[in-house]
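>>> Mind folding the following:
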Amino acid sequence: MKPTESTSEKSALLLIYTGGTIGMKEDPVIQALKPFNFSQILEEVPELGKFAYRIDTYTFDPLIDSSDIEPNLWLSLAGLIEEKYDEYDGFVILHGTDTMAYSASALSFMIEGLTKPVIFTGSQLPIGTPRTDGKENLISSVEIAAAKDTEGHAIVPEVCIYFDNVLMRGNRASKINSDNFRAFRSPNFPPLAEAGIHIRYNSGLIRRPAVWDARPVFHKSLDTRVSILKMHPGITPQIVRTILCGNDTRAVIIETYGAGNAPSKEWFISIVREASAIGKILLNVTQCMAGSVNMDIYATGKCLKEAGVVNGYDSTTESALGKLFHLLGQHTSSESVKTGLECDLRGEISK
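Next comes the predicted model:
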């Protein structure tokens with residue numbers, strides 16, 4: 001990872017390029033997309049110079065394709081933000097779209113007491129193409145990351161995703177479209193801001209720290225022994241037992257139907273009870289894009305609750321995964337993890 005600097009005044013921002021489509025440009029010789037030198041971002045997006053911010057850049061080396069994102073990247077990002085925290089007013093992270101929601105969710109749990117914006121953005125088309133969405137996404141992300149109120153505090157001191165004119169809480173967003181500029185949605189929580197002629201902030205929804213001058217706590221202990229079981233018609237007892245009771249997992253996210261329902265067959269409930277009895281942490285999230293888990297409505301949901309499955313409420317799968325990695329890294333006690341899962345730690349669930 002290699003830092004570069006530019007000089008300006010007013011707010012100071014760190015632009016972090018991890019990889020992804022936004023940083024690609026067509027090579028005129030071989031006519032293939034290649035990463036460009038991100039220290040020259042002002043040449044590609046000269047509009048950034050009109051802000052008169054100081055914008056420094058930091059490029060990961062090697063660049064990481066979104067599909068290759070691992071928790072080690074999140075540790076590197078958290079470490080970089082911690083190291084540079086006092087030097088900048090905000091951070092903009094350029095990231096591939098496929099796993100952006102996973103990274104934004106993880107960072108939201110890894111940084112407690114955030115007082116400055118951490119904005120993830122990217123693009124569906126490379127920044128060097130004529131119809132790119134990357135320029136607007138980047139320009140607005142920079143403006144939001146630098147925005148302060150009359151007291152000099154950040155307007156949005158959260159980990160967010162900005163895409164196609166909408167600012168979303170990072171642990172509430174999911175990628176829902178692979179070939180549309182509006183690639184992300186936050187179906188269970190309203191936007192934190194919307195960009196039109198002006199950027200309109202939904203101030204009542206934005207989380208703010210209890211103490212503005214306190215330094216955040218950076219949690220860097222992650223336990224990734226988590227699996228995901230997606231319910232589907234025809235699922236077999238062998239598959240369910242392998243995932244729920246496997247020796248290599250501490251926790252399993254069960255993606256259930258509708259409001260948190262699963263098969264009512266005795267073999268299924270029996271395996272769930274078996275997994276719970278041997279200490280597995282089982283978290284119920286819905287497969288639906290919108291809505292919440294309620295295990296008190298139907299008999300199948302009640303059976304899961306009685307078997308020890310924890311309610312994930314309206315959490316996204318991406319957020320549930322990041323939250324479990326974080327809580328498992330903090331606690332050896334399964335009961336402590338379950339207690340944490342039931343709490344709204346970073347605005348990730350509505351209860």
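
>>> Assign I119 to helix, strand or coil.
strand (DSSP: H, G, I helix; E, B strand; the rest coil).

>>> swap that for Y162, sorry
strand.

>>> my read: it touches N137, true?
Yes: proximity of Y162 to N137 meets the contact threshold set by Cβ atoms under 8 Å, at 6.2 Å. Placement of C-beta: from N, CA and C, glycine included.

>>> Spit out the residues that contact the two alike.
Common neighbours of Y162 and N137 are listed as T121 (criterion: Cβ atoms under 8 Å, 6 or more residues apart in numbering).

>>> quick one, which of the two is more surrounded?
More neighbours surround Y162 than the other of Y162 and N137, with 31 against 26 (other Cβ atoms under 10 Å).

>>> Pull up the gap between the more buried one and A195, please.
Per Cβ to Cβ, to the nearest Å, Y162 is found 8 Å from A195.

>>> so where's the chain uncertain?
Residue ranges of the chain with pLDDT under 70: 1-9, 26-40.

>>> rerun at 50
Residues of the chain meeting the criterion pLDDT under 50: 1-9.

>>> Domain parsing of it, as residue ranges.
As assigned by automatic domain parsing, the chain contains the domains 2-218, 226-341.

>>> Save those domains as CSV, and put in distance to G347 too.
Below are the domains of the chain laid out as CSV (distance: least, Cβ to Cβ, whole Å):
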stretch, distance to G347
domain 2-218, 5
domain 226-341, 10
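
>>> In the stretch 251-351 of the chain, what residue spans correspond to helices?
266-277, 299-306, 317-330, 334-341 (DSSP state H, counting those that start in this stretch).

>>> Need the winner for burial among these.
Of all the helices of the stretch 251-351 of the chain, helix 317-330 has the most neighbours on average by mean count of other Cβ atoms under 10 Å, namely a mean of 24.

>>> what is the orientation angle of it with helix 334-341?
In terms of direction (axes from the mean of the first three to the mean of the last three Cα atoms, to 10 degrees), helix 317-330 departs from helix 334-341 by 140 degrees.

>>> Excluding its own residues, what touches helix 317-330? List them.
Outside helix 317-330, the residues touching it (Cβ under 8 Å, 6+ apart) are 71, 101-102, 104-110, 171-174, 219, 221-226, 228, 250-251, 253, 255, 281, 283, 285, 312, 315, 336-337, 340-341, 345, 348-349.

>>> circling back: mind checking which of the helices of the stretch 251-351 of the chain is nearest N202?
helix 317-330 (19.3 Å; Cβ to Cβ).

>>> Which one, of the helices of the stretch 251-351 of the chain, ends up nearest to P117?
helix 317-330 (18.4 Å).

>>> Using PDB, write out every CA atom in the closest one.
Output in PDB follows, covering the C-alpha atoms of helix 317-330 (Å, rounded to 0.1, in the frame of the first residue of the first chain):
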ATOM      1  CA  THR A 317     -27.100 -11.200   5.500                       C
ATOM      2  CA  GLU A 318     -24.100  -9.000   4.900                       C
ATOM      3  CA  SER A 319     -24.600  -7.200   8.200                       C
ATOM      4  CA  ALA A 320     -25.300 -10.400  10.100                       C
ATOM      5  CA  LEU A 321     -22.000 -11.900   8.900                       C
ATOM      6  CA  GLY A 322     -20.000  -8.800   9.900                       C
ATOM      7  CA  LYS A 323     -21.700  -8.600  13.200                       C
ATOM      8  CA  LEU A 324     -21.000 -12.300  14.000                       C
ATOM      9  CA  PHE A 325     -17.400 -12.000  12.900                       C
ATOM     10  CA  HIS A 326     -17.100  -9.000  15.300                       C
ATOM     11  CA  LEU A 327     -18.900 -10.500  18.300                       C
ATOM     12  CA  LEU A 328     -17.300 -13.900  18.000                       C
ATOM     13  CA  GLY A 329     -13.900 -12.100  18.000                       C
ATOM     14  CA  GLN A 330     -14.800 -10.300  21.200                       C
END
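
>>> So what does V92 have for phi and psi?
Here is the backbone geometry of V92 (degrees, to the nearest 10): phi -120, psi 120.
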